[in-house]
Every structure is written in structure tokens, then in C-alpha cells.
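>>> Dropping the sequence and predicted coords here.
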Amino acid sequence: MNEWAPIAKEYDPLKAGSIDGTDEEPHDRAIWRAMTARYVPNHGVTGDPHLTLFVARLSIQTTEDKLKEVFSRYGDIRRMRLVRDLVTGFSKGYAFIEYKDERALLKAHRDANKLIIDQREVFVDFELERTLKGWIPRRLGGGFGGKKESGQLRFGGRDRPFRKPINLPAMKSDFYGEGLAEKRERGWSRDWKTRDRAHGRNREHRRPERERSESKRDRERHSREERSSGKEGRDRERRDRSRDRSSRRPRDEDQF
């Protein structure tokens, strides 16, 4: 990590899409678009890029006069350009300000960032289009910053610098701080608890079925016992009647 820096020294779309600059695969389509883009800076732009500030997040009500009033506090301004829509003429919310000397540039860069102008907090950085190697603008999937809602944040700039990567030992978990043995034991205990719960649920589910089957078997046994007892009773009655007939027959013969 000796080469790590919070601010990118060269623009790489893949690294810019990573919070710590260590991604090896792009995580959104815009990064793919930026990686395949062939962007050439606008040669029609005049002025010294090393003395130019980029001012963004301006209110659409902010005018050139207002910007000159605010940024002239830090030094003499050579030229200023508030970017406007070619069709409507409305401000696009960003501007470029070139100073006459580096001292004024650095002072404005340090003090004017997050300044409130026309009830808007502005963002101030150095111009990057002509000074940062490999620069890809936001409209082609590059740039820095971005909104969380878009899911396309870019890191390595002043607004969202890289976070320092965290290197942990291979035997330790990045959250629990446990070794592999502890993780296995914790996983096993969790598996056993899950199995016990599942077994308990299955046992509770099978209990009504078992009770129903037992009651059914009891009814069948009772019915068989009743049928057998009834049959025995009928057999006993037949035997009694046959004995009665056989006992009456000798008496009848004695009378004759």
C-alpha cells in the first residue's frame, strides 16, 4: 500500500468506481462505457489549466457578476466562464475561473469549497479535463463524485477520496475476528440448532397424525372385539338350545 493515495494521480475508470481503488471488475455499465471511451479534451478551451478552478453545484440563479464578486476576494481573476445551455441560455450549474497567479488559485481552492452562494453549497476543485491524465467526463461514465441514489459513485476526487484498504490476516474474519476453527464451530452449532428446530417442527406436525392413526386402530380393535364377543355369545346360545332339545327328547319318550 505504499502507492496508495486518497486522490487519484491518473484517472482510471475501474479504480474510480471502487471505494478504495482496488476493484478488478466493473460493477456498473457506466464504468464499462468509460473504459471503452476515447475522450479528447476540448482544444477550443483557452487559458492556463494549472491556474483554473472548477466550480460546481451552482444555483441556476447565480450570474457571472455574482461569481466575480465572490471569487475576486482570493485574488485577481483573468477570465471566467459560466457554462450555459446553447438553446435555453440557462446556467448548467458550473463554471471555470482562471486566476492570474497560483497563490490566489490555491487560496480559493482551500477556502471557497463548500461556500454558500445564492443559498447553495458549491463545490470547488482544480480543473481536471486538461490536467489529469486519462480523464473521462461524467457524461461518458467517468468523472468523480456522484449521488448515492444513482448507484454510480466515483471515488478518487476531492469530493469522494479513496478510502484506505484494510488488510486483515487470512485466518481472521473481517467482522467477527474469529479464526477458521471458531467459524466452523459457530457454523456447526448453528446447523445443529437449525436441525433441532426443524426436527421439533416435524415432530409437532406428525403428532396429530399419530394420534389419529392410534385412535383409528383402537376403534378397529374395539369393533373386532365386539364382533368376536357377539359371535361367541351366539355360539353359546346355539349350544344351550341344542342341549335343551336333547334333554327334552328322553322325557318325551318316557311318557309314551
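Received it, and whenever you're ready, just let me know what you need. Numbers count the residues shown, from 1 in each chain.
>>> From here on, just use CA atoms for contacts and neighbour counts.
OK.
>>> Can you get me a residue count around Arg139?
A count of nearby residues for Arg139, using other CA atoms under 10 Å, gives 10.
>>> Surely it is within a helix?
Yes. Under DSSP: H, G, I helix; E, B strand; the rest coil, Arg139 sits within a helix.
>>> What's the per-residue pLDDT of it here?
pLDDT recorded at Arg139 is 89.
>>> repeat for Arg186
pLDDT at Arg186 comes out at 50.
>>> Now Thr131: phi and psi?
When read as degrees, to the nearest 10, the backbone of Thr131 gives phi -120, psi -20.
>>> just Glu220 next, same as before
Residue torsions, per degrees, to the nearest 10, at Glu220 are phi -60, psi -40.
>>> How many neighbouring residues does it have?
Other residues near Glu220 come to 12 when the count uses other CA under 10 Å.
>>> With Asp20 instead?
19.
>>> pLDDT weak spots in the stretch 1-150 of the chain?
Along the stretch 1-150 of the chain, segments meeting pLDDT under 70 span 1-2.
>>> could you redo the last one with a cut-off of 50?
1 (pLDDT under 50).
>>> Let me see the ranges of the helices in it.
Secondary structure of the stretch 1-150 of the chain (DSSP state H, counting those that start in this stretch): helices at 13-16, 29-36, 64-71, 102-111.
>>> just those helices: most buried one?
helix 13-16 (a mean of 24; mean count of other CA atoms under 10 Å).
>>> For that helix, output the C-alpha coordinates as PDB.
C-alpha atoms of helix 13-16 as PDB (Å, rounded to 0.1, in the frame of the first residue of the first chain):
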ATOM      1  CA  PRO A  13     -12.500   4.400 -14.600                       C
ATOM      2  CA  LEU A  14     -12.200   1.000 -13.000                       C
ATOM      3  CA  LYS A  15     -10.400   2.400  -9.900                       C
ATOM      4  CA  ALA A  16     -12.700   5.400  -9.800                       C
END
